[in-house]
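A.B. asks: One predicted model, sequence on top.
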Amino acid sequence: MLDLKNLQNNFDEVAKKLKNKKVDENLLKQLAEIFIELKKEKTALEELQAFQNKFSKELVNAQDKEDLKVKLSENKNKINEQNQKVNILEDKLENIAHSIPNIPDNIVPIGEDEDENVEIKKVLTPPNFDFEPKEHHDLGENLDWLDFVRGVKISESRFCVLKNEGALLSRALVNYMIDFNRSRGFNFVNVPYLVNSATMFGTGQLPKFKDDMYKVEDEDLYLISTSEIPVTNLYSGEILASENLPIKMTCYSACFRKEAGSAGRDTRGIIRQHQFEKVELVSITKPEQSDSVFNEMVECASDLLSSLGLAHRHLMLCTGDLGFSAAKTIDLEVWIPSQNKYREISSVSNCRDFQARRAKIRYKNDQGKNELVHTLNGSSLAVGRTLVAIMENYQDRDGKIIIPDVLRKYF
């Protein structure tokens with residue numbers, strides 16, 4: 001959640017940055033009006049409280065005590081009424097703030113959408129085929145690795161069954177990713193796939209993205225859309241010791257998304273599914289550590305792709321494509337031969353203190369004061385999309401798939 005004091009004290013500057021992130025101008029105008037009204041009502045409250053404090057002290061020596069008692073009693077009622085006005089406005093302000101995204105960092109390029117993201121660098125060279133490369137869903141069906149018909153039969157569209165070597169390759173990728181991340185200092189955790197609404201609120205999924213979540217009927221439980229949600233919230237409501245930071249974690253989970261608004265995109269294959277698997281990186285840091293840890297996480301995911309021999313590129317997301325909780329994000333896009341372009345496979349974000357404020361995650365700084373941590377998250381990697389990339393980049397003329405060397409020991 002936004003720092004409301006910062007928003008109030010630097011409203012024009014913050015509002016300008018939020019407009020670049022496509023926040024409705026009417027919403028910002030409404031916030032400004034509430035700030036003005038709240039300031040007026042707080043001033044009135046302070047005046048009433050000052051009257052109460054001053055004349056309560058003078059009551060002992062007052063000549064007309066009964067008259068002053070009546071005035072103090074009336075003033076006390078006014079204080080209670082004024083307190084209610086202030087509380088209502090503060091609640092109104094906070095409810096609106098819950099739906100306002102994080103402020104983008106100054107380094108983030110200003111842009112409308114994904115077309116204005118900025119390429120930072122390319123890593124490795126895409127393969128050259130002396131034949132027309134097949135799409136992963138054709139390869140998968142021909143090899144009996146992917147069964148879309150039965151996936152739809154037992155569920156609905158955008159579900160798939162992995163079989164035979166396809167299922168084994170998926171499992172090998174999960175194990176390899178976890179081992180790779182652990183070798184980079186990220187501790188493995190295993191968390192629930194069902195979490196409560198407070199947890200969903202902490203990382204920014206609720207209330208704004210409620211309609212994109214799968215909810216358990218009649219229970220305060222939601223299926224996670226990423227393991228960032230439970231892993232970040234492991235420390236919600238806690239005050240961490242400074243010497244224990246940064247905390248760096250990696251986690252494997254299934255993820256569940258309704259994918260609202262994705263109609264017409266990637267309708268074939270497993271690039272965009274309602275259920276998918278992902279290995280995630282999550283870090284909790286002191287503010288001064290977060291940029292260096294962010295770079296670590298980007299390089300970890302990039303080096304993982306390189307170790308699999310997969311060509312990819314780094315993109316800095318522009319303001320119009322930046323996620324709700326993110327202050328800055330670098331996407332990694334892997335080369336997909338059949339589409340002759342790069343597609344997102346990892347997204348690494350620094351959320352600064354935005355999620356920490358919502359989840360109340362703090363640490364005791366060197367001065368002994370409680371301060372909000374910074375939270376970071378990143379895919380390392382989306383398992384299904386990595387499977388797609390390997391199938392398409394490692395295919396041969398006969399439609400068979402060569403298994404990358406680093407994965408062979410997992411078979």
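C.D. replies: Received the coordinates, thanks. Remember, it's a predicted structure, so these values are computed and weren't measured experimentally. Numbering: from 1, shown residues only.

A.B. asks: Name all residues that make contact with the residue nearest the centre of the chain.
C.D. replies: For the chain, Ser325 is the residue whose C-alpha lies nearest the centre (C-alpha atoms, centre = their mean; 5.2 Å). For Ser325, the contacting residues are 101-102, 203-204, 349, 351, 354-355, taking C-beta atoms under 8 Å, 6 or more residues apart in numbering as the criterion. Where you see a C-beta, it was placed from the backbone N, CA and C, and this is true even at glycine.

A.B. asks: Quick check on it: phi, psi?
C.D. replies: Torsion angles at Ser325 (phi, psi; degrees, to the nearest 10) stand at phi -90, psi -10.

A.B. asks: Quick check: closest non-adjacent residue to it.
C.D. replies: Leaving aside its chain neighbours, Ser325 sits nearest to Gly204 (3.9 Å; criterion: C-beta to C-beta, 6 or more residues apart in numbering).

A.B. asks: residues near the one you found, how many?
C.D. replies: 26 (other C-beta atoms under 10 Å).

A.B. asks: same deal with Asp67?
C.D. replies: Other residues near Asp67 come to 10 when the count uses other C-beta under 10 Å.

A.B. asks: Then the one 3 residues further on?
C.D. replies: Val70 is flanked by 11 other residues according to other C-beta under 10 Å.

A.B. asks: Quick check: which ranges of the stretch 201-350 of the chain have low pLDDT?
C.D. replies: Across the stretch 201-350 of the chain, residues meeting the criterion (pLDDT under 70) sit at 260-265.

A.B. asks: let's see 80
C.D. replies: 259-267 (pLDDT under 80).

A.B. asks: Mind pulling up the pLDDT for Gln63?
C.D. replies: Per-residue confidence (pLDDT) for Gln63: 71.

A.B. asks: What of Leu7?
C.D. replies: 85.

A.B. asks: So for the helix or strand harbouring it, what gets flagged as buried?
C.D. replies: Following DSSP states H and E, the helix or strand that holds Leu7 is helix 4-9. Of the residues in helix 4-9, those scored as buried under the neighbour-count criterion (16 or more other C-beta atoms under 10 Å) are 4, 7-8.

A.B. asks: Which parts of the stretch 101-250 of the chain are helices?
C.D. replies: Counting by DSSP state H, counting those that start in this stretch, residue ranges of the helices within the stretch 101-250 of the chain are 136-143, 148-154, 164-183, 197-202, 228-232.

A.B. asks: Pull the number of nearby residues for Gly320.
C.D. replies: Once other C-beta under 10 Å is used to define contacts, Gly320 is seen to have 18 neighbours.

A.B. asks: Residue ranges of each domain in the protein, please.
C.D. replies: 4-97, 114-410 (automatic domain parsing).

A.B. asks: need those domains in TSV with distance to Val108, can you?
C.D. replies: Formatted as TSV, the entries for the domains of the chain read as follows, by distance: least, C-beta to C-beta, whole Å:
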stretch	distance to Val108
domain 4-97	8
domain 114-410	5
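
A.B. asks: which of those domains sits most buried?
C.D. replies: Comparing the domains of the chain by mean neighbour count (mean count of other C-beta atoms under 10 Å), domain 114-410 ranks first with a mean of 18.

A.B. asks: Endpoint to endpoint, that one covers what distance?
C.D. replies: Looking at domain 114-410, the gap from its leading to its trailing residue is 36 Å under the measure C-alpha to C-alpha, to the nearest Å.

A.B. asks: go on, stretch 144-159?
C.D. replies: One end of stretch 144-159 to the other measures 16 Å (C-alpha to C-alpha).

A.B. asks: What lies in contact with that stretch?
C.D. replies: Counting by C-beta under 8 Å, 6+ apart, the neighbours of stretch 144-159 from elsewhere in the structure are 136-137, 139-141, 160-167, 169, 259, 269-270, 272-275, 391.
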